[in-house]
Structure formats: structure tokens, C-alpha cells
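Participant: How does the following fold in three dimensions:
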Amino acid sequence: MATLILTGDLNFMGVTDPTVPFRKTIADFKAATVRFSNMECCLYAPPGGHTWDNEGFFAAPGPAGDALKYAGIDAVGIANNVNYGEAAITSSVARLDEIGVKHTGAGANRAAAYAPVIIERDGVRYGFLQRTSVYWPTNHEATTHTAGVATVKRQSRLSVAFAQNAAGNSAGKSPRHSARNSHLARCQASATIQG
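Facilitator: Predicted coordinates:
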């Protein structure tokens, strides 16, 4: 009988010992057929370190990747509001590729970000997708030529208003925001399931 472990947010910020996050559950993880988790951090070491000016959900790529390997995580979803910035996304993807953990939901471009993860065990194929409906209205969504996340809806009213305002269209009203407290684009999700 197949056993799937699907976890919520894994955040490895501050982790130095890769055995600590899974210490109490490692037997269950090792016994599972497939393990899929949501990554709530980037495997990225920002230049100059983690500072007030360079905030983010960054985890040291070495120990964080080792923790994923220790738990036997097969795949992760990386489409969420904390996976932001080309350098952070490409660093995360590179580390995941290096350790053999499949990923969906963010990538070097739109095709990579929207690609599914397929894991086969004992003749059974397990497929995973991840999308986010919460993302920054500028430079967060993957495009044909830029890194980013896969979104549920490619354009929100907020991002349209922001773009119109930036283009000088007085009908578009940009929300007030600061670098520290920007409004998130919240999209209404619509999905079509195809057989």
C-alpha cells in the first residue's frame, strides 16, 4: 500500500543541523512511498547576509538542502509569496537540482515554473503542481524570459492598475506601498480540470 506524506510549510531559516527539523518524524518520512512539501523559504545566501535592507525568507542552502535529503523529500512546491527575486529563485532551483529534489511552482522562466513534477513508484505515477494566488505585483510572476513563480491567475486587478499607473494612465490607481510593506496581489482563483 502506498503512503504519501504531504507537508505544509517547511522553513529552514536558522537551521544548522539538518537532522533537527525531522528528528521526531524521520521514521514516518523514511517509510513513505512519496514525500511532497511546500517550501516556505528560499535556499539562498544573499550577498552581504540577511539584513534589514535585504530581508527575506532565506535559508542556508547547504544545511537546508541536507535536511531535505535527510528526510527523503522527493519533491517540493516553491510557488509562494516568499520565493521572490531572480537570484533567490535560481539559487533555490540550483540547490534542489544538485540534491535531486524535484520542484514545481517557480523557475528560470514561465515554462519551468509551470512544469509539473511526476514521480513514479512501483508503476504508479504521482503528479504535483503548485501555484500561488498571493504574489507581488511586480517582477514576481515568471515570464517567458524571467525567473518567477507560477500563479493561479496570471494577472490581478492590482497588477493591472499598477501597470496602468506606471504607463501614465490616470484611470489606473496604484496602491500606496513602501519597500517594507507592499500590498500583495490577491487573485481570484479559477481552475479547469481536464481529464
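Participant: nearest spatial neighbour of the residue nearest to the spatial centre of the chain, skipping sequence neighbours?
Facilitator: With distances taken as Cα atoms, centre = their mean, the residue of the chain nearest its centroid is I78 (1.8 Å). Distances taken as Cβ to Cβ, 6 or more residues apart in numbering put A106 closest to I78, at 4.2 Å, once the chain neighbours are dropped. All C-beta spots, glycine's among them, are computed from the backbone N, C-alpha and C.
Participant: Likewise for I89?
Facilitator: Nearest non-adjacent residue to I89, counting by Cβ to Cβ, 6+ apart: A147, 4.6 Å away.
Participant: Neighbours of that neighbour, how many?
Facilitator: Applying other Cβ atoms under 10 Å, we find 25 other residues in the vicinity of A147.
Participant: quick one: contacts for it?
Facilitator: Residues counted as contacts of A147 (Cβ atoms under 8 Å, 6 or more residues apart in numbering) are E86, I89, T90, A106, G107, A108, N109, A113.
Participant: how far away is R35 from N139?
Facilitator: 32 Å (Cβ to Cβ, to the nearest Å).
Participant: One more: N81?
Facilitator: Distance from N81 to N139, by Cβ to Cβ: 13 Å.
Participant: now do V149
Facilitator: Taking Cβ to Cβ, one finds V149 at 11 Å from N139.
Participant: what mean pLDDT would you report for the longest helix anywhere in the chain?
Facilitator: The single longest helix within the chain, with elements called by DSSP state H, is helix 86-99. Averaged over helix 86-99, pLDDT sits at 96.
Participant: With stretch 143-157 instead?
Facilitator: Mean predicted lDDT for stretch 143-157 stands at 81.
Participant: Contacts only, for the closest residue to T3 other than its chain neighbours.
Facilitator: Leaving aside its chain neighbours, T3 sits nearest to A32 (4.6 Å; criterion: Cβ to Cβ, 6+ apart). Applying Cβ under 8 Å, 6+ apart to A32 gives the contacts T3, L4, I5, G72.
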